[in-house]
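J.: Sequence and predicted model, in that order:
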Amino acid sequence: MNFIFDGRSYPAKKGQSVAAALLVNGITTFRTTRFENKPRSLFCGIGICFDCLLIINGVANTRSCLIEVSDGMIINTQVGAGE
Amino acid sequence: MIVVVGGGPAGLSAALSAANNGGKVLLIDGYARLGGQYWRHNEVDGVKQEVDSDLNKGMKLIAEINAHPDIEILSSAQVWSATSPETSGGPITLEVLVNGINSKASQIKSKYLILATGAYDRTLPFTGWEMPGVVTPGGAQSLLKGSEVIIGKRGIIAGSGPFLIPVALNLAEAGCEVVAIVESNSLFAWYRGIFAMVLNPSKIFQSFGYLSRLKLKEIPIYSKSDVIRVEGKEKVERVFVRNQRNGEVQEFDVDFLASGSGFTADLSLATILGCEVVMDGIDYSTYVKVGSDQQSTIPGIYVAGEATGIGGYELAQIEGVIAGASAARASQGKRKRNLWVEKWKRARLETFAKALRSIYKVRSDWSEHTSDETLLCRCEEVSQGAIKTAIVDFAATDPRTIKLLTRAGMGACQGRVCGRTVLEYISKCTGQEPSSADAIALNKRPIAQPISLGELAKTPIKESGNLAI
């Protein structure tokens, strides 16, 4: 099973969260912040903190810790508010 | 029908207890798999994980619930708002989104509701805590339990409380090099909880079990120490740990840090519904006020588990059993059962929970290590300096004005992460103790989960409803 992150293909395992699939592939910057353009990643891991936001299959502000990765999923880094 | 919100230890026990007492139950859970945080489990690549004795208890309960004819399960469903009955005896309305933000919203009505919404980690701020590689202990644990991924190769587990130890052990046993456990309280404060330990002997055995596993893994514990700063380019590379006794600072090269000091109860739904919330004087934590049958101040709404006070999974379960039985009996017009055995067990575990909360008292003097550059509100990137300016230059003293001036707490997490921290910092600057009204107001969020404007627009809203902001 593979997913596409910022145009590149990476392997993933069924049952993993999107956040886990990125981290295990060495991707630690999920988004950059609106004001300071700083990198952010997984923090609370349970859907509370909204730090692990990504654009998943075209939907911005998606909490990657809550979504299971799927084959062919298209994931993009979120810049600022993701507009 | 009895609706249970939350599929962790409290919610699962409540659902089963209600069904076994003759109730018809709908169990709503936000995650894809039941179990909550404590019994989070996975099936990576179709391979079922190894089940230890702790998880086995949860898996048995989940299997029993799945097989019960009177329990219906709604997974991956978020309750984003709710309305209390307008007249006594009327139904409670829950606004539910199934499968996330882009899905269709629907309403569920029931006269009996059991809230088992759990808790999340509390992390005290330090400079650099927003950097990738810094996670909560619960975050590291959920990654491991839910996806079988370790957060890093080499790291530190820091903060305060008994939860740090199993997290460190799980990571080490999964192949991660845990260079230290950094505990801000003393390790030898256990004698203060001796009465609570004697009442709960199984906890003594559990503690010794942990200690021997730590020795086996050669994980050192730095007690009376705090993480005061992290540094790194794109992610954490160095962690600085300060010893409270002699002020010495030690530097560690790592690629992750899991930091957390206790938990904050999730009271979003309870406050939306108008249940009375009270503040604990120990650490400004807030929880829902319940009676001996776990019923809140609103008839028909019962609350079990961490939302009534942080106490661990065993207390959560017994509260769930009491809430479930009480709600089921009430829904059938039967008189209350005494439940003496359950209530004694609850009292015993409550004593233990209270002892733990005072042993691992979360320090409120964290601002000794932070600076004006340290972010307090991560979502809106509000620094400690910005909040100080609002207080000193704009003479703002109440949390609401400071929030409006700085945007602290106005971001996507709705103040869940920074709320108590900002409150403590204001208190430090103004010299005034946070009022319980301020602490309780922190939990007020008319919309508890993200919802698209399109779905929100389709939701019928009455003028007297709680959605009128």
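T.: Nice, thanks for sending it over.
J.: give me the number of residues near the closest residue to residue B:399 other than its chain neighbours?
T.: Using C-beta to C-beta, 6 or more residues apart in numbering or on different chains and skipping the chain neighbours, the partner closest in space to residue B:399 is residue B:438 (5.1 Å). Quick note: C-beta positions are derived from backbone N, CA and C, even for glycine. Neighbourhood size, residue B:438 [other C-beta atoms under 10 Å in any protein chain shown]: 19.
J.: Now do the host helix or strand of residue B:438: which elements does it pack against?
T.: Assigned by DSSP states H and E, residue B:438 falls within helix B:436-441. On a contact count with 3 or more C-beta pairs under 8 Å, 6 or more residues apart in numbering or on different chains; DSSP states H and E, helix B:436-441 meets strand B:277-279, helix B:399-406, helix B:419-430.
J.: Report the contact partners of residue B:443.
T.: Applying C-beta atoms under 8 Å, 6 or more residues apart in numbering or on different chains to residue B:443 gives the contacts B:267-268, B:270-271, B:277, B:286, B:419.
J.: follow-up on the earlier one: put together JSON lines for the helices and strands packed on helix B:436-441, with mean neighbour count and mean pLDDT on each row.
T.: Output for the helices and strands packed on helix B:436-441, formatted as JSON lines (neighbours: other C-beta atoms under 10 Å in any protein chain shown; pLDDT from 0 to 100):
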{"stretch": "strand B:277-279", "mean neighbour count": "19", "mean pLDDT": "91"}
{"stretch": "helix B:399-406", "mean neighbour count": "19", "mean pLDDT": "92"}
{"stretch": "helix B:419-430", "mean neighbour count": "21", "mean pLDDT": "92"}
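J.: Can you say which of those is nearest to residue B:137?
T.: Checking those against residue B:137 by C-beta to C-beta gives helix B:419-430 as the closest, at 17.0 Å.
J.: So which elements touch the closest one?
T.: Partner elements for helix B:419-430 (3+ C-beta pairs under 8 Å, 6+ apart): strand B:375-377, helix B:384-392, helix B:399-406, helix B:436-441.
J.: Figure out which of those is closest to residue B:7.
T.: Between residue B:7 and the helices and strands packed on helix B:419-430, the tightest spacing by C-beta to C-beta is seen for helix B:436-441, at 26.5 Å.
J.: Quantify the burial of the residue in the stretch 251-400 of chain B that chain A sits nearest to by counting its neighbouring residues.
T.: The stretch 251-400 of chain B approaches chain A most closely through residue B:381 (4.8 Å), counting by C-beta to the nearest C-beta. If you count neighbours by other C-beta under 10 Å, residue B:381 ends up with 18.
J.: need the residues of the stretch 351-469 of chain B near chain A, please.
T.: B:378-381, B:411-413, B:416-417, B:450 (C-beta under 8 Å from any C-beta of the partner chain).
J.: among the residues you listed, which two are most distant?
T.: B:381 and B:450 (19.5 Å).
J.: Of the helices and strands packed on helix B:419-430, which is nearest residue B:311?
T.: In terms of C-beta to C-beta, the element of these nearest to residue B:311 is helix B:436-441, at 18.9 Å.
J.: pLDDT score for the residue nearest to residue B:93 when sequence neighbours are not counted?
T.: Nearest in space to residue B:93, with sequence neighbours left out and distances taken as C-beta to C-beta, 6+ apart, is residue B:83 at 4.4 Å. pLDDT for residue B:83: 92.
J.: tell me the phi and psi of residue B:83?
T.: When quoted as degrees, to the nearest 10, the phi and psi of residue B:83 stand at phi -130, psi 130.
J.: How many residues are close by it?
T.: As a burial measure, residue B:83 scores 22 neighbours (other C-beta under 10 Å).
J.: what's the spacing between the nearest residue to residue B:77 once chain neighbours are set aside and chain A?
T.: Spatially, and ignoring its direct neighbours in sequence, residue B:77 is nearest to residue B:98 (4.7 Å; C-beta to C-beta, 6+ apart). Using C-beta to the nearest C-beta, to the nearest Å, one obtains 13 Å as the distance from residue B:98 to chain A.
J.: Quick one: residues contacting residue B:98.
T.: Applying C-beta under 8 Å, 6+ apart to residue B:98 gives the contacts B:74, B:76-77, B:104, B:106.
J.: which of these has the most neighbours?
T.: In the contacts of residue B:98, the most neighbours by other C-beta under 10 Å go to residue B:77, 24 neighbours.
J.: That one touches residue B:96, doesn't it?
T.: Yes - contact criterion C-beta atoms under 8 Å: residue B:77 and residue B:96 qualify, at 5.4 Å.
J.: Give me the neighbour count for the residue of the stretch 201-350 of chain B found nearest chain A.
T.: In the stretch 201-350 of chain B, the residue that lies nearest chain A is residue B:235 (4.8 Å; C-beta to the nearest C-beta). By other C-beta under 10 Å, 17 other residues sit near residue B:235.
J.: so it, which of the three states?
T.: coil (DSSP: H, G, I helix; E, B strand; the rest coil).
J.: and residue B:108, helix, strand or coil?
T.: Assigned with three-state DSSP, residue B:108 falls in the strand class.
J.: host element of the residue lying closest to it once chain neighbours are set aside?
T.: Nearest residue to residue B:108, sequence neighbours excluded (C-beta to C-beta, 6+ apart): residue B:94, at 4.5 Å. In this structure, residue B:94 sits in strand B:92-98 according to DSSP H and E.
J.: before we move on, back to that, quick check, the residue of the stretch 201-350 of chain B closest to chain A in contact with residue B:130.
T.: No - look at residue B:235 against residue B:130 with C-beta under 8 Å: they stay out of range, at 11.2 Å.
J.: ok, back up a step: nearest to residue B:200, out of the helices and strands packed on helix B:419-430?
T.: Nearest of the helices and strands packed on helix B:419-430 (C-beta to C-beta): helix B:436-441, 28.9 Å.
J.: what is the mean pLDDT for the closest one?
T.: 82.
J.: who touches that helix?
T.: Residues lying outside helix B:436-441 but in contact with it, judged by C-beta under 8 Å, 6+ apart, are B:271, B:277-279, B:284-286, B:398-400, B:420, B:423.
J.: Could you pull up the contacting residues of residue A:45?
T.: Counting by C-beta under 8 Å, 6+ apart, residue A:45 touches A:19, A:52, A:65, B:135-136, B:138-143, B:146.
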